[in-house]
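Engineer: The following comprises the amino acid sequence and a computationally predicted model.
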Amino acid sequence: MIGVAEPVEAAAVPDVANDGKIVQAHYDGVRKSYWTTNSRGGWIEVTEQSLRRLLRGQGYRSKLVDGELLSQLDQKLNEIQTEQDVAYAGPLAGHRSGLTECCGNRILVTNSPCLIEPAEGAWPVLEALLKNLLVDGHYDQRPYLFGWVKIAYEALRQGIWPLGRLWG
Amino acid sequence: MSEAKIREILASCPIAGDGVNPWLFTTALKLHRLGVAPARIEELLEEATSDCGRELRPDEIPRAVHNSAPGSLKARARQRSWPGRNYEQIEAIGLNGISLSELERHSPVQIGPSLNHTEAIIDALFPSNPLLCAGPSLHYSLTRSREAWRGFLARQQFIVPSPMSKTKGVTQDGKLSARSQDNVGPRRFLVIEFDFVETDKNGRDTAAAPMLRRLAAQGVTIADLCAALHAELAKCRPLALVLHSGGKSLHGWYPCPGVEDAVMHRFMRFAVSLGADRATWTRAQLVRMPDGVRDNGKRQRVLYFNPAVANGGEK
């Protein structure tokens, strides 16, 4: 069969804003503030008041109607606080921007690592340094280093951590 | 009132397939707010839509003008408006999702093309003997008990995907009808229809055209895209049935007995952002009869059927 046999929790259904994009917001339980995306796709920390303004702009009604206890906007804020909370928000070495899990805690990584783009060309300084360090006349250990660096670089790019390798 | 402002509002009329009907409502609303008389609004809307790419139904403009009038608005339920289409997301799902043939292959019950299965499918979708509204065209439908329909359903083109509460109800125009908001019962299934076209009836590109061409270059057909989108929605709610409309679209039936409208509205908003037709949100909306026959003679073939989830279940 395709898909689920039981409906997922209502809060797990993507909540889309009026522009059709999924509303991205998380509650930072430590700082008691919220994180949302800016116009360039990065994360910014905002106060509850700012988030209210942003949600109103995305079509959430702030007025109560028909005997509601909470407005759509307040319901959304509650959902963000209780369903989309994070234990830590900030940069995390080697991890790309977005949600990740660490030791059972939900982490919001706010910045991606800036990886140097490889380019073909001469590299005399580094070449001489590595040769002096890793070539002793009997053994050339450079291929091992290059292989190690290659796998580490690919892992960082893909966001996949290879298992069983001794780092350091 | 500013004539320039009115001209600017009227110039935003979309082409057929991009939401002419909702545009009529929002435009009439803006013109009401500018103090334009209802009769004049009707004239202006007729002029603005003359080149939209389809014939408007006779009551389409008067209804939009009536429903958007200040007095009528107060009586309307205040739900969030429908979102726009997120073409980036739709394309990503199309590229990475399942194809139409995979959807058919994963069907728990394989529906063979040689026999007609309408009656058996309706028995599974609507057990016991509820009142069902069905009909051979959009303009003619009847409400009868399920048993009274037995043997006749395969010849119908359309059905209301929720049981009816009584045989007749009062329409918005105050007339008695077999199908109205007044006599439709609680929502039993939410039917999601995905339909994408490259060009409208005047041969002009739709907003989806660039995305559809990129997908076609990767070997993804419109039917494959619709199948992938239903598979994506099925990650949120059980999918009971997918049928081919006999035209270009795929309709998915998602069970929701006893589920609050607010829960289903969120799901529908997600579906609309992925390109679903918002018209099927209306409970009394007619949708394609499973394994029925379209007016062009083509069978509305059931491609995927999972009777085990037809009764829903809610967390």
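Structural biologist: Yep, that arrived. Residues are numbered from 1 along each chain as shown, chains lettered A, B, ... in the order given.
Engineer: Tell me how chain A divides into domains.
Structural biologist: Domain ranges of chain A: A:10-109, A:115-168, per automatic domain parsing.
Engineer: Those: lowest mean pLDDT?
Structural biologist: Comparing mean pLDDT across the domains of chain A, the weakest is domain A:115-168, with a mean of 85.
Engineer: Which of the domains of chain A has the highest mean neighbour count?
Structural biologist: Neighbour counts (mean count of other Cβ atoms under 10 Å in any protein chain shown) averaged over each of the domains of chain A peak at domain A:10-109, with a mean of 15. Glycine gets a C-beta too; all of them are placed from N, C-alpha and C.
Engineer: end-to-end on that domain?
Structural biologist: For domain A:10-109, the first-to-last residue distance is 25 Å (Cα to Cα, to the nearest Å).
Engineer: Off-centre distance for that domain?
Structural biologist: In terms of Cα atoms, centre = their mean, to the nearest Å, the centre of domain A:10-109 is found 14 Å from the chain centre.
Engineer: With stretch B:141-157 instead?
Structural biologist: Centre-to-centre, stretch B:141-157 and its host chain are 21 Å apart (Cα atoms, centre = their mean).
Engineer: residues in contact with the residue in the stretch 51-200 of chain B that chain A sits nearest to?
Structural biologist: Of all residues in the stretch 51-200 of chain B, B:Asn86 sits closest to chain A, at 3.6 Å by Cβ to the nearest Cβ. Taking Cβ atoms under 8 Å, 6 or more residues apart in numbering or on different chains, we find B:Asn86 in contact with A:16, A:19-21, B:273-274.
Engineer: If we use 7 Å, what do you get?
Structural biologist: Counting by Cβ atoms under 7 Å, 6 or more residues apart in numbering or on different chains, B:Asn86 makes contact with A:20-21, B:273-274.
Engineer: OK, contacts around the residue nearest to the spatial centre of chain A?
Structural biologist: The structure's chain A has its C-alpha centroid closest to A:Gly98; by Cα atoms, centre = their mean the separation is 1.5 Å. A:Gly98 makes contacts with A:Val109, as judged by Cβ under 7 Å, 6+ apart.
Engineer: Between the two ends of stretch B:214-223, what distance do you get?
Structural biologist: By Cα to Cα, the extent of stretch B:214-223 from end to end equals 15 Å.
Engineer: residues making contact with it?
Structural biologist: Residues contacting stretch B:214-223 (Cβ under 7 Å, 6+ apart): B:91, B:94-95, B:100, B:196, B:212, B:225, B:248, B:250.
Engineer: Just the buried subset of those, please.
Structural biologist: Using 16 or more other Cβ atoms under 10 Å in any protein chain shown as the burial test, those include B:91, B:94, B:100, B:196, B:212, B:225, B:250 as buried.
Engineer: where do the helices sit along the stretch 201-315 of chain B?
Structural biologist: Secondary structure of the stretch 201-315 of chain B by DSSP state H, counting those that start in this stretch: the helices cover B:209-217, B:222-233, B:261-273.
Engineer: Same check on chain A?
Structural biologist: A:48-57, A:72-83, A:124-134, A:142-158 (DSSP state H).
Engineer: Which strands and helices lie in contact with the second one?
Structural biologist: Packed against helix A:72-83, as judged by 3 or more Cβ pairs under 7 Å, 6 or more residues apart in numbering or on different chains; DSSP states H and E, are the following elements: strand A:25-28, helix A:48-57.
Engineer: so which of the ones you listed gets nearest chain B?
Structural biologist: So among the helices and strands packed on helix A:72-83, helix A:48-57 is nearest, using Cβ to the nearest Cβ, at 10.9 Å.
Engineer: Now distance to B:Asn311 too, for the helices of chain A, in TSV please.
Structural biologist: Formatted as TSV, the helices of chain A follow (distance: least, Cβ to Cβ, whole Å):
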stretch	distance to B:Asn311
helix A:48-57	35
helix A:72-83	27
helix A:124-134	67
helix A:142-158	43
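Engineer: nearest spatial neighbour of residue 54, skipping sequence neighbours?
Structural biologist: Let's take chain A. Leaving out its chain neighbours, the residue that sits closest to A:Leu54 by Cβ to Cβ, 6 or more residues apart in numbering or on different chains is A:Thr36, at 6.3 Å.
Engineer: sorry, should have said chain B
Structural biologist: In this structure, B:Arg54 finds its nearest non-sequential neighbour in B:Ala16, 3.8 Å apart by Cβ to Cβ, 6+ apart.
Engineer: cool, and A:Ala10?
Structural biologist: Leaving aside its sequence neighbours, A:Ala10 sits nearest to B:Val263 (Cβ to Cβ, 6+ apart; 4.6 Å).
Engineer: The one you found: neighbour count?
Structural biologist: B:Val263: 18 surrounding residues under other Cβ atoms under 10 Å in any protein chain shown.
Engineer: ok, now which ones touch B:Gln79?
Structural biologist: B:His265.
Engineer: Need the pLDDT of it.
Structural biologist: Note for B:Gln79: predicted pLDDT of 71.
Engineer: most packed of the helices of the stretch 201-315 of chain B?
Structural biologist: Across these, averaging neighbours per residue (mean count of other Cβ under 10 Å) puts helix B:222-233 on top, at a mean of 25.
Engineer: Could you identify the helix or strand that succeeds the lowest-mean-pLDDT helix or strand in chain B?
Structural biologist: Least confident helix or strand, chain B: helix B:70-74 with a mean of 72, by mean pLDDT, DSSP states H and E. Using DSSP states H and E, the helix or strand that follows helix B:70-74 in sequence is helix B:87-96.
Engineer: Can you name every helix or strand that whichever helix or strand comes after that next one contacts?
Structural biologist: Next helix or strand after helix B:87-96 toward the C-terminus (DSSP H and E): helix B:100-105. Under the contact definition 3+ Cβ pairs under 7 Å, 6+ apart, helix B:100-105 sits against helix B:222-233, strand B:302-305.
Engineer: count of residues packed around B:Ala178?
Structural biologist: Using other Cβ under 10 Å, B:Ala178 has 21 neighbouring residues.
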